[in-house]
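Peer 1: Model the structure of this input:
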Amino acid sequence: MRALALVYALVLLAVGLLNQVPGITDAQGRVFGIFALDIFDDLLHLGSAAWAGISAALSRRASITFLRVFGLLYLADGLLGLATGSGYLDLGILVWGVQDLPLMFRILANAPHLLLGGVATLAGWRARP
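Peer 2: Predicted coordinates for the structure are as follows:
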């Protein structure tokens, strides 16, 4: 569980730094032409990376707690984004409300949170403390 939390720390750190890598964003500032990440999103990902890294460094129990809570938060955000086109972690549902976006775009835009949240939730809740 500690190793998995460390993997999450590294992945989230990389995501938090994507906007800083030349050539990754398009002319509209979208990462890979899909994700419009702003400083708030970057800070959310970097904060999640720090939480994952600290959990991994502390203990197995802290790592399991991280995976359970983080997983549920990100999975729920991805499901809401899939259904409405806006998530809640970035306050998008409050700022933009329900968006009329093509289904494939909603799938692609929310796949990272669905995948990261789903794997973390599954691993965290299957683990024995």
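Peer 1: Under the pLDDT cut-off, which ranges of the chain? List them.
Peer 2: 29, 33-35 (pLDDT under 70).
Peer 1: The residue most central in space within it is in what secondary structure piece?
Peer 2: The residue lying closest to the centre of the chain (CA atoms, centre = their mean) is residue 113, at 4.5 Å. Using DSSP states H and E, residue 113 falls within helix 103-126.
Peer 1: quick revisit: the nearest residue to the residue nearest to the centre of the chain once chain neighbours are set aside: how many residues sit nearby?
Peer 2: Nearest non-adjacent residue to residue 113, counting by CB to CB, 6 or more residues apart in numbering: residue 78, 3.3 Å away. Just so you know, the C-beta spots here come from the backbone N, C-alpha and C atoms, and that holds for glycine as well. Residue 78: 24 surrounding residues under other CB atoms under 10 Å.
Peer 1: secondary structure element for residue 78?
Peer 2: helix 60-84.
Peer 1: Kindly report the same for residue 89.
Peer 2: Using DSSP H and E, no helix or strand contains residue 89.
Peer 1: show me the contacts for the closest residue to it other than its chain neighbours.
Peer 2: With CB to CB, 6+ apart as the criterion, residue 89 has its nearest non-adjacent residue at 4.5 Å, and that residue is residue 77. Residues near residue 77 by CB atoms under 8 Å, 6 or more residues apart in numbering: 87-89, 110, 113, 117.
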